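Undergrad: the sequence and its predicted three-dimensional model are supplied below.
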Amino acid sequence: MARARLAPGAKTTVAAAAVALAAAACGSADTPAGANTDAGITIFNTEPENPLVPGNTTEVGGSRVLDPMFTGLVEYRAQDAQPANAMAESIDTTDSKVFTVKIKKDWLFHDGTPVTAKSFVDAWNWTAYGPNGTQGASFFSQIEGYDAVHPKDPDGPEEPQEAPAPTAETLSGLAIVDDHTFTITLSEPFAVFPVTIGYEVFAPLPEAFFKDRAAFEEHPIGNGPFKYVSRTVGTDIKLTRYDDYKGNDKPKFKDLTLKVYQSRESAYADLVANNLDFMEELPPNALAGRQYETDLGDRVVQRETLNLQTIAFPFYLPPYDNADLRRAISMAINREEITERIFEGTRKPADGWVHPLMKGYQPGQCGDDCTYNPEKAKEALAKSGYTGEIVLLSNTDGGHQEWAEAVVNSIKNTLGVQARFVPSTSFGEFRQKVNAHEMTGMYRAGWIADYPSIENWLTPLYRTGASSNDGLYSNPAFDAKLAEADKATSEDAAIELYLEAERIMAPDMPAIPLWTQNTIAGRSDRLKVANLDPFRTLDLFSVEVA
Amino acid sequence: MGRYVLRRLLQMVPVFVGTTFLIYVLVWAVPGDPFEGKCGERDCPASYVAMMRERFNLDDPLLLQYWKYLVNLVQGDFGVTSSGVQVVDRIAAAFPVTLRLALVALLIEAVIGITAGVVSGLRNRGFLDSLVLVSTLFLISIPVFVTGYVVQLVFGLQLGWIAPTVTTPTFGNLVVPGFVLASLSMAYVARLSRASIAENRRADYVRTALAKGLPTRRIVGVHLLRNSLIPVITFLGTDLGAFLGGAIVTEGIFNVPGVGGLVFRSILTKDGAMVTGVVTVLVLVYLLMTLLVDLLYAVLDPRIRYD
């Protein structure tokens, strides 16, 4: 499972986690008193949009199926999202550039073949190889030799010129030492690298996949706590507990059915009627007026999860390249009031660009610029010299219209300028304009961590030329500090440097942090315990059936 | 008769080509690249987009794309979705479910609608007539999604008489969604047959039959109904086609894994191969349904000849 769960409990402190670990070591956590360990549960899912291969799945419907089926080198603990070794015995480095990975022995895939260093190296090479066209390829771009196996298309995929043929089939940065050891060489030092590889695209693949990919997609074979049973396309996918699973934690129920629903609303009706055991994000009709409290009572499950809503700026379009204007807008948004009124307190105002659940997070990095302050906002606006209209764009298919209008009103009333909300009907259309740098105003952005590190909240979004720096923000001092942090030899030193980088970019206000989210989920009466993990999914190891 | 059927079947060929062409063009001409937004807030790797574009022939001119699609289609190859699932398998799985739902709905619609229509048509201006008129007006004025949610909320969640969603789509489980789906057309059927019955009641042949001393049951059941049902049959026939394609709302509310939801989600995820495939099948079904209705006319009214 890519997102590990060591101890039950949604918001456990470090001390409590230690106690739970000790308990697990005594074996008492395996068979909880009164829980039905042979039960089956049914959870909500959407139809997978991709073939069921870890390296080719970055979307939720497929991840919910593959996540329980695969265990990577590292997993993220459910209580604090911190990485912990799973299949890895150890990951060692002296220079943050070459990593030696030792994997645990005696692990098997569900078809009985052993998991070896080769299973990882082959899987990674396959995913990174350009002609295979996987969705997850870019996650391997830090490994040495990526350019050779995945050359850049000189004019983009829609243009006539084809990408040059790869000059190598395997990443030169991966080398097998023996059956249970391999080394990873990065093209640049990157201290946080071991944290990143808990993501699903880094899962190992069995021999069977390389022999017959089509058969594998029909019947995926993993090494995780659950194995594949059957799939009825459009209806459900059935998994069952893999009893020879070697991981530290064992699921406390047997069968897992991922049921596909036509709409969230119909799933919610089933949840209320106890026909569905878990749903991790309730539909808007349940959230409106806190209806879920009446419907579900003590079956409501909630916790703070790893997403941060922001407003991004097109730095290629004046006047949004003006830092004073950006600060003025930020100080004109009444985050407290909007989170209370629109989201009924399920969001928390953000005070920086790094999510509060991150290890090393420091509060108040944004300073006064992220606090509602009409006087200072007007001062900043006067300093910017801009008097025209301010435009906010967003797609409306994800429930963004209400808050976007509230934000626009807050800006209009505070600054006394014209402000307008421009909706796009679909996420796809919106993303296309964002990617093509065709925004006509500032726009909604959101980020869900790929892996739990401060670095993931800064580099991909704000570093010059980074993969998700869609607004084309650029600050050489910030870039230099990030580069310094990447080379740090210890994680703690890296965190300090990343925080410094965040402070360097703060006065630029490269994006306006708005709020972080409390995810509201629901469970059925049958489940005694069911917790969310910080990635907004059900922590399967926590589930206890009555 | 045989010539007529053959001619009608041949007419289906240009209709088939025309509709699939329109659908194909419309699906791929919808603004927005189908592979944007597939990888969340980040761009998909260029190699992924390139491979998908090649798989769906998107780099060819539109006419060539369509030609390639049509050639495959005629050979029974509906293509593959971006998730690697055969379109034909999905249709084969979803279609029987929707067909079952449509038949249940049609049965409910026909039985209740015609009965109500006949009863109120025979008793012009009586209490039953007013009751039917008022209740059908009520049904016509409520959109299906309201009926659906109210039924689900009241009978499914509050009273607990029914399961709020359909777990296995058997005929029995589909009665409630079938009723919701049929509710609107049921009202139209009742009003259509009422008007038709009321009109034919005063027709010469009915008076003749009465004068001959035939029992009322025979006059109404055979003479009156047979002639009055022609417009109703037309409506029911096209309605079955509409049920098959347009049960999106009902299927969504009751979680029926049928064609409606399939089309809706495929449009949202820009799965062009799936949308074109399903709609093509729906067009064929629609054409066959209208043919069937036309042939039924001849059975009901011997004056109508197709030779």
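TA: Received it, and whenever you're ready, just let me know what you need. Residues are numbered from 1 along each chain as shown, chains lettered A, B, ... in the order given.
Undergrad: which residues does the residue in chain A that chain B sits nearest to contact?
TA: Taking Cβ to the nearest Cβ, chain B has its nearest neighbour within chain A at A:Gly133, 3.0 Å off. Where C-beta positions appear, they are placed from N, C-alpha and C, glycine not excepted. Counting by Cβ atoms under 8 Å, 6 or more residues apart in numbering or on different chains, A:Gly133 touches B:45, B:47-48, B:50-52.
Undergrad: same thing but 6 Å
TA: Applying Cβ atoms under 6 Å, 6 or more residues apart in numbering or on different chains to A:Gly133 gives the contacts B:47-48, B:51.
Undergrad: what parts of the stretch 401-546 of chain A come near chain B?
TA: A:427-429, A:431-432, A:435, A:467-468 (Cβ under 6 Å from any Cβ of the partner chain).
Undergrad: name the member of those with the most neighbours.
TA: Using other Cβ atoms under 10 Å in any protein chain shown as the neighbour criterion, A:Arg431 leads those with 24 neighbours.
Undergrad: now A:Glu389: how far from A:Phe430?
TA: With distances taken as Cβ to Cβ, to the nearest Å, A:Glu389 is found 20 Å from A:Phe430.
Undergrad: who has more neighbours, these two?
TA: A:Phe430 (25 against 12).
Undergrad: test my guess that the more buried one contacts A:Asn395.
TA: Yes - A:Phe430 is in contact with A:Asn395 according to Cβ atoms under 6 Å; the separation is 3.8 Å.
Undergrad: circling back: filter the contacts of A:Gly133 down to the ones close to chain A.
TA: Applying Cβ under 6 Å from any Cβ to the contacts of A:Gly133, one finds that B:47-48, B:51 fall near chain A.
Undergrad: among those, which lie within helices?
TA: Those of those mapping onto helices are B:47-48, B:51, per DSSP state H.
Undergrad: quick one: which of those is nearest A:Leu52?
TA: Here the nearest of these to A:Leu52, counting by Cβ to Cβ, is B:Tyr48; it sits at 16.1 Å.
Undergrad: just the pLDDT for the closest residue to that closest one other than its chain neighbours.
TA: Leaving aside its chain neighbours, B:Tyr48 sits nearest to A:Gly133 (4.7 Å; criterion: Cβ to Cβ, 6 or more residues apart in numbering or on different chains). At A:Gly133, the predicted lDDT confidence score is 86.
Undergrad: and for A:Glu188?
TA: For A:Glu188, the model assigns a pLDDT of 90.
Undergrad: what about it, distance to A:Asp486?
TA: Going from A:Glu188 to A:Asp486 by Cβ to Cβ gives 7 Å.
Undergrad: neighbour-wise, which of these two wins?
TA: Comparing A:Glu188 with A:Asp486 by other Cβ under 10 Å, the one with more neighbours is A:Asp486, at 23 against 11.
Undergrad: and the more buried one, what does it touch?
TA: Counting by Cβ under 6 Å, 6+ apart, A:Asp486 touches A:189-190.
Undergrad: now the one 3 residues further on
TA: The contact partners of A:Thr489, taken as Cβ under 6 Å, 6+ apart, are A:Ser96.
Undergrad: repeat that with 7 Å
TA: By Cβ atoms under 7 Å, 6 or more residues apart in numbering or on different chains, A:Thr489 lies in contact with A:96, A:191.
Undergrad: so for it, what's the pLDDT?
TA: Predicted confidence (pLDDT) for A:Thr489: 82.
Undergrad: same question, the one 5 residues further on
TA: With respect to pLDDT, A:Ala494 scores 91.
Undergrad: give me the number of residues near it?
TA: A:Ala494: 24 neighbours (other Cβ under 10 Å).
Undergrad: so it sits right up against A:Phe190, yeah?
TA: No - using Cβ atoms under 7 Å, A:Ala494 is not in contact with A:Phe190, being 9.2 Å away.
Undergrad: shaky segments in the stretch 101-250 of chain B?
TA: B:246 (pLDDT under 70).
Undergrad: residue numbers of it in contact with chain A?
TA: Within the stretch 101-250 of chain B, the positions adjacent to chain A are B:152, B:156-157, B:163-165 by Cβ under 7 Å from any Cβ of the partner chain.
Undergrad: redo those as JSON lines? Include secondary structure and neighbour count.
TA: Formatted as JSON lines, those follow (DSSP: H, G, I helix; E, B strand; the rest coil; neighbours: other Cβ atoms under 10 Å in any protein chain shown):
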{"residue": "B:Gln152", "secondary structure": "helix", "neighbour count": "24"}
{"residue": "B:Gly156", "secondary structure": "helix", "neighbour count": "22"}
{"residue": "B:Leu157", "secondary structure": "helix", "neighbour count": "16"}
{"residue": "B:Ala163", "secondary structure": "coil", "neighbour count": "18"}
{"residue": "B:Pro164", "secondary structure": "coil", "neighbour count": "25"}
{"residue": "B:Thr165", "secondary structure": "coil", "neighbour count": "27"}
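Undergrad: between the residues you listed, which sits nearest A:Asn307?
TA: Among these, B:Thr165 lies closest to A:Asn307 (Cβ to Cβ), at 28.6 Å.
Undergrad: once you drop chain neighbours, what's closest to the closest one?
TA: B:Asn255 is the one closest to B:Thr165 (Cβ to Cβ, 6+ apart), at 3.9 Å.
Undergrad: also A:Val407?
TA: Setting aside the residues directly before and after it, A:Val407 is nearest to A:Ile333 in space (Cβ to Cβ, 6+ apart), at 5.6 Å.
Undergrad: helix, strand or coil: sort out that neighbour for me.
TA: Here A:Ile333 is recorded as coil under DSSP: H, G, I helix; E, B strand; the rest coil.
Undergrad: so it touches A:Asn409, yeah?
TA: No - between A:Ile333 and A:Asn409 there is no contact under Cβ under 7 Å: 10.0 Å.
Undergrad: of the two, which one has the most company?
TA: Each of A:Ile333 and A:Asn409 has its neighbours counted (other Cβ under 10 Å); A:Ile333 has more, 25 against 15.
Undergrad: so what pLDDT did that one get?
TA: Per-residue pLDDT puts A:Ile333 at 94.
Undergrad: likewise for B:Leu291?
TA: 83.
Undergrad: residues of the one helix or strand it maps to that come out buried?
TA: Element membership of B:Leu291, judged by DSSP states H and E, is helix B:272-300. For helix B:272-300, burial by neighbour count (16 or more other Cβ atoms under 10 Å in any protein chain shown) applies to B:272-283, B:285-287, B:289-291, B:293-294, B:296-297.
Undergrad: which helices and strands does it pack with?
TA: Using 3 or more Cβ pairs under 7 Å, 6 or more residues apart in numbering or on different chains; DSSP states H and E, the elements in contact with helix B:272-300 are helix B:2-29, helix B:87-122, helix B:225-246, helix B:259-268.
Undergrad: at 10 Å what do you get?
TA: Under the contact criterion of 3 or more Cβ pairs under 10 Å, 6 or more residues apart in numbering or on different chains; DSSP states H and E, helix B:272-300 touches helix B:2-29, helix B:62-74, helix B:87-122, helix B:225-246, helix B:259-268.
Undergrad: just give me how far the fourth one sits from the chain centre.
TA: Centroid displacement of helix B:225-246 relative to its chain, using Cα atoms, centre = their mean, to the nearest Å, is 10 Å.
Undergrad: beyond that helix, next helix or strand please.
TA: Next along the chain from helix B:225-246, counting by DSSP H and E, comes helix B:248-254.
Undergrad: okay, now the nearest residue to A:Pro314 once chain neighbours are set aside: neighbour count?
TA: Among residues not flanking A:Pro314 along the chain, A:Met439 sits closest, at 4.2 Å (Cβ to Cβ, 6+ apart). Number of residues near A:Met439 (other Cβ under 10 Å) recorded here: 21.
Undergrad: how about the ones next to chain A among the contacts of A:Gly133 in JSON lines, adding neighbour count?
TA: Compiled in JSON lines, these are given as follows (neighbours: other Cβ atoms under 10 Å in any protein chain shown):
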{"residue": "B:Ser47", "neighbour count": "25"}
{"residue": "B:Tyr48", "neighbour count": "25"}
{"residue": "B:Met51", "neighbour count": "18"}
